[in-house]
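Asks: quick check, what structure comes out for this input:
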Amino acid sequence: MLDIYLVQMDVAPNDKAKNFAKVRELTAKIRKNANDPVPGLIVLPEMFATGYLPLHPESAAEDFSTKDSGETAKLLYELANQTGCTVMGAGIAKSNGTLLNHSSVYVPECAQEFAHYDKRRPFFMEQAKFSAGEKVNLFKIANWNTAATICFDLRFPELYRDAVKAGARLITVQAAWPLARIAHWKTLLQARAIEDQVYMAAVNCTGSELNGGNSMIVNPKGEIIASANGQEESVVYARIESTPQEEYRIKFPVLKDLL
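Replies: Numbering: from 1, shown residues only. As a prediction, this is how the structure comes out:
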């Protein structure tokens, strides 16, 4: 089992202090102790610290490698320790002179980045300055093989099949998905869950016409098991289980010849 918390928040453009305070406010009641048999995962939206594509993305780039390497990494480290959960943040990293749309994972009592993922399909507005990530990066939360994806990745089913072939049973999506295309968001999340028989945990920004909210958790049958109330700021919660997923894969073995 795994408890998932999606932090749907109104991200203030170019205001880390305000966004960090909002994260702390929304997650204040999430607490796991060392003896809790069910681990927790907190997922924050794409570029939650700065807003999607801040005015000067080069100056917003950070190092996420250790808790002392950047402001956002420090927040993720502190949040993991305070809540007892694995925390997935997101931001802008720099590598070899180019920018990366970066997902960063911190776990309790570990001062180094536990896992990371760089967006493999940069959106049109990113492509002039951002490089594409090159691979799936799987990480484990207890016995859960987990893969991260980011926003525009959702439109490319081959990326999700790559993750499942690598062993993913849960795939996250961190997004700044626009309200104008929110119907696509819902449909694609259910499609990715159905075709790959995985849990999808997808968090989106909210608060304006540019950010459509509707964060949700979808089970391997494509059923929405938890969702935000439209564009309201909230924490979307669900507990997922591995046994029903494995039983369903055996009963309806659509992936049998692919994995």
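
Asks: who are the contact partners of the closest residue to G222 other than its chain neighbours?
Replies: For G222, ignoring the flanking residues on the chain, the nearest one in space by Cβ to Cβ, 6 or more residues apart in numbering is I194 at 3.9 Å. C-betas here are computed from N, CA, C, even on glycine. I194 makes contact with P220, K221, G222 under the criterion Cβ atoms under 8 Å, 6 or more residues apart in numbering.

Asks: again, but for A60
Replies: N14, T50, P54, G91, I92.

Asks: give the PyMOL command for selecting the buried subset of the contacts of I194.
Replies: In PyMOL, this line selects whichever of those come out buried by 16 or more other Cβ atoms under 10 Å:
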select buried, resi 220
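
Asks: can I get the contacts of I194 in JSON lines with distance to L75 and pLDDT?
Replies: Listed next are the contacts of I194 as JSON lines, based on distance: Cβ to Cβ, whole Å; pLDDT from 0 to 100:
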{"residue": "P220", "distance to L75": "32", "pLDDT": "98"}
{"residue": "K221", "distance to L75": "35", "pLDDT": "98"}
{"residue": "G222", "distance to L75": "34", "pLDDT": "98"}
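
Asks: which member of the contacts of I194 is positioned nearest T27?
Replies: P220 (26.9 Å; Cβ to Cβ).

Asks: residue contacts, the closest one?
Replies: A193, I194, D196, Q197, V198, Y199, P244, Q245, Y248, R249.

Asks: now, these that are in helices?
Replies: Secondary structure defined by DSSP state H assigns A193, I194, D196, P244, Q245, Y248, R249 of these to helices.

Asks: quick one: which of the residues you listed is nearest N143?
Replies: Q245 (11.7 Å).
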